[in-house]
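1. Here is the input, now give the coordinates:
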Amino acid sequence: MSRSAAEVLAALRAPRVVVVGDLILDRYITGLVERISPEAPIQVLAVEHDERRLGGAGSVANDLAVLGARARLVGLLGDDDSGAEVRRQCEAAGIDLVAVTCERPTSLKTRHLARSHSTAQQVLRVDREVTTPVEGALERRVLAALDAAFADADVVLLSDYQKGLLTPAVVAHAVAWGRRAGRPVVVDPKADDFDRYRGATGIKPNRAQTARIVGRPVRDAADAARACEEVAARYGFDFVLVTLDRDGMVLAERGAAAHAFRTEPREVFDVTGAGDMVLAVVGLALGSGASLPEAASLANVAASLEVEKVGSVPISRAELAARLSEGAPVLGSKVVERPKAAALARRLREAGRRVVFTNGCFDVLHAGHVRYLNFARAQGDVLVVGLNADESVRRLKGDGRPVNPAADRAEVLSGLAAVDHVVVFHEDTPLALIGEVLPDVLVKGEDWKDKGVVGREVVEARGGTVVLAPLLAGRSTTATIARIRAADASCEDV
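-> Numbers count the residues shown, from 1 in each chain. Reported below is the predicted structural model:
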C-alpha cells in the first residue's frame, strides 16, 4: 500500500542526485510602472530590485539542495560574469558543481517585471545564449565529466532546456549508465523528439508536449492516461509522468494502471519553476526509496506551492509539511491555522502581493463590519483578518460574549468576498500576530485615532502604512445585541 505524501516526506533521506543539463542564470529586474515614456509609447520601469537566481538545470539542483538532497550539477559554463555568478550561487547553496568550461557564453535570461502597486507581471524577457549542440572535443569532455559525476549517484535527472548540452550521445551515455547501475534516469524534456530520450527510466512531459507527441489533444486525466501509456510503449520508458497544470498530474507505469493526482484550486501567481520542482521532488523521493506513485504524489503538492511564488523559488521540507498538515479543508476555506500564518504571508509577499491586516471580534456581523472589511480589502491585494478567540473576547467584552463561537465567526467571515484569510489568535491584542504576518498595510477603525493603533511600530518599521477606516454611524455589535435583547424582552411581556 502506498504511503501518504506526509509519510513519504517524513521518510526522505539525503540521496546523491546528479542533475545533468543546461545551466542558465535567471535575472529578475522588478520595478514600478507609473507613466509612459515621452520618447515612445512604452512603459517606463523604475527599477526597485535586480536579482539573479540559478535557472535551468541549476534550478533543479537548487531545489534539491534546499530539500536536503546531496545535489551534484553537471553542465557547461562560459568564462564570463554570468558563469562566475552561477559558480558562486552553487557554492553558497552547497551544490557540487561539475562545470565544463567552454568558449560559448553562459546562458542568461533577463526578465523585466512591472508592477503598479500590485502583483508584478513579466513585460519582457531578453535571452543571451548559444544553443547549437555540443560536438567534437567539447562533447567528449562532457562525457568524461559524466563518468566521474555518476560514481556515487542514487538518481540521475536530465534537465533539457535545449541549449545544446543534451545531445543524443550525452543522453545515451546517461541512460546506459543507469541500466548498468540499476539506478533511475529521469528526463524533463523540451524537445518534441522523444527518440533522443529512448530507454530512460522515465520522462516528465507537460500537457502540450504530450499532445504534440501523440498527435491529439490532452484535455483531461483520461486523455493523459491513454497518452502516457502510448508514449511509454513507443519509446521504452518504464514510466511517464505528465503534468497537467491546473489538473494535477497523471502517472503511467509499465504494466500498471494509471494514477491521477488532483491538485487543490490555488491562486497561480507564476508557473515558472514548477516543472523543475516536480523533477527535483521525484528525484529526491525515488532516491529515498519511495515508489513512483508516492514520488508523484509528493511532487504534486510541491508544484502547488511553487506556482504561488514569482519566478523559480525553492521550497523547503518545512513548507511542504505545512501544506500537507492542512489536510483536506472544505473547498474555499479561508481559515489559516496560526502556526502557518507567517509562511502564508511570506509566500504572498514573495509573489508581490500587498498584504493588508486588520483584526477584531466580529461577533455579530452587521453592515458596519461589511463596509469596514470592504474598505480594508481595497487597500491592497490580500486581506488577512485576525479574529479574537473566545476567551480573548470574554476578557475584552465581559461575560455573555461572544454570542457566537470562534469557529462560527470564522466561517461567516470566510463567506465574505472581501476576506481572503482568517487567523484566530488567543492574546488580548494582535501584536504578536502582526509581527508574524508583517503586513504592508494595517487597517483599524477611525475611533482608534487617539488610542494608539496596536502594531503601528511593527508595520511602519518595515516601510508599511497604517490606515484608519471610516465607520458607519450607529452600527456596533454592542448596540445590535442590546436591540435584540430589548426585542426579546418585549416579546416576553406580551
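2. For residue 437, give me the pLDDT.
-> If you check residue 437, the pLDDT there is 94.
3. Surely it touches residue 353?
-> No - counting by Cβ atoms under 8 Å, residue 437 stays clear of residue 353, with 12.0 Å between them. Using the backbone N, CA and C atoms, a C-beta is placed for each residue, glycine as well.
4. Between those two, which has more neighbouring residues?
-> residue 437 (28 against 22; other Cβ atoms under 10 Å).
5. residues touching the more buried one, list them.
-> When contacts are counted by Cβ atoms under 8 Å, 6 or more residues apart in numbering, residue 437 touches 341, 342, 345, 355, 357, 384, 386, 423.
6. Quickly note the distance from the last one to residue 366.
-> Applying Cβ to Cβ, to the nearest Å, the value for residue 423 to residue 366 is 22 Å.
7. With neighbour numbers in mind, choose between these two.
-> With neighbours defined as other Cβ under 10 Å, residue 423 and residue 366 compare such that residue 423 has more, 25 against 16.
8. would the more buried one count as being in a strand?
-> Yes - counting by DSSP: H, G, I helix; E, B strand; the rest coil, residue 423 falls inside a strand.
9. Per-residue confidence at it, what does it come out as?
-> At residue 423, pLDDT is 93.
10. By neighbours, which of the contacts of residue 437 wins?
-> Highest count within these by other Cβ under 10 Å belongs to residue 357, 30 neighbours.
11. and that residue, that one's in a strand?
-> Yes - counting by three-state DSSP, residue 357 is part of a strand.
12. which residues pair with it across the strands?
-> residue 384, residue 442 (DSSP bridges).
13. Relative to residue 460, which of the contacts of residue 437 is nearest.
-> residue 357 (13.1 Å; Cβ to Cβ).
14. contacting residues for that closest one?
-> So residue 357 contacts 383, 384, 385, 386, 430, 434, 437, 439, 441, 442, 443, 455 (Cβ under 8 Å, 6+ apart).
15. thinking residue 434 is in contact with residue 459, fair?
-> Yes - counting by Cβ under 8 Å, residue 459 is a contact partner of residue 434 at 6.8 Å.
16. neighbour count winner among these two?
-> Taking neighbours as other Cβ under 10 Å, residue 434 and residue 459 compare with residue 434 leading, 24 against 21.
17. Local confidence estimate at the spatially closest residue to that one that is not a sequence neighbour?
-> In space, and not counting its chain neighbours, residue 434 is closest to residue 455: 3.7 Å by Cβ to Cβ, 6 or more residues apart in numbering. With respect to pLDDT, residue 455 scores 93.
18. and residue 455, how many neighbours?
-> 24.
19. Also the one 5 residues further on?
-> When neighbours are counted by other Cβ under 10 Å, residue 460 registers 13.
20. Just the pLDDT for the residue nearest to it when sequence neighbours are not counted.
-> Excluding the flanking residues, the one nearest residue 460 by Cβ to Cβ, 6+ apart is residue 466, at 6.7 Å. We note a pLDDT of 94 for residue 466 in this prediction.
21. Name the helix or strand for residue 466, please.
-> strand 465-469 (DSSP states H and E).
22. List the buried residues of that strand.
-> Residues of strand 465-469 classed as buried by neighbour count (16 or more other Cβ atoms under 10 Å): 466, 467, 469.
23. what's the spacing between residue 115 and residue 29?
-> Residue 115 is 12 Å from residue 29, by Cβ to Cβ.
24. Return every residue with contacts to both of residue 434 and residue 459.
-> residue 442.
25. what sits against the residue nearest to residue 460?
-> 441, 442, 443, 444, 453, 456, 459, 460.
26. Now do the same for residue 24: helix, strand or coil?
-> Residue 24 is classified as strand under three-state DSSP.
27. Go through stretch 233-253 and flag the buried ones.
-> Buried, per 16+ other Cβ under 10 Å, within stretch 233-253: 235, 237-244, 247-253.
28. Tell me which helix or strand residue 321 sits in.
-> helix 317-325.
29. quick check: mean pLDDT across that helix?
-> 76.
30. after it, next one along is what?
-> helix 341-350.
31. can you list the residues that contact that following helix?
-> 305, 308-310, 313, 318-319, 322, 336, 355, 381-382, 384, 421, 423, 433, 436-440.
32. List buried residues within the residues you listed.
-> 305, 308-310, 313, 319, 322, 336, 355, 381-382, 384, 421, 423, 433, 436-440.
33. re earlier: the helix holding residue 321 versus helix 341-350: what angle between them?
-> Counting by axes from the mean of the first three to the mean of the last three Cα atoms, to 10 degrees, helix 317-325 lies at 110 degrees to helix 341-350.
34. if we can go back for a sec, just the closest of the contacts of residue 466 to residue 172, please.
-> For those, the nearest to residue 172 is residue 441 (56.5 Å; Cβ to Cβ).
35. wouldn't the closest one be in contact with residue 464 here?
-> Yes - distance between residue 441 and residue 464: 6.2 Å, which falls inside the contact criterion (Cβ under 8 Å).
36. Compare the two and say which is more crowded by neighbours.
-> residue 464 (22 against 19).
37. isn't the more buried one right up against residue 434?
-> No - using Cβ under 8 Å as the test, residue 464 is too far from residue 434 to be in contact (9.8 Å).
38. Residues that sit against both of the two, list them.
-> Common neighbours of residue 464 and residue 434 (Cβ under 8 Å, 6+ apart) are residue 442.
39. Let me see the contact set for residue 108.
-> Applying Cβ under 8 Å, 6+ apart, the residues contacting residue 108 are 24, 25, 27, 82, 127, 128, 129.
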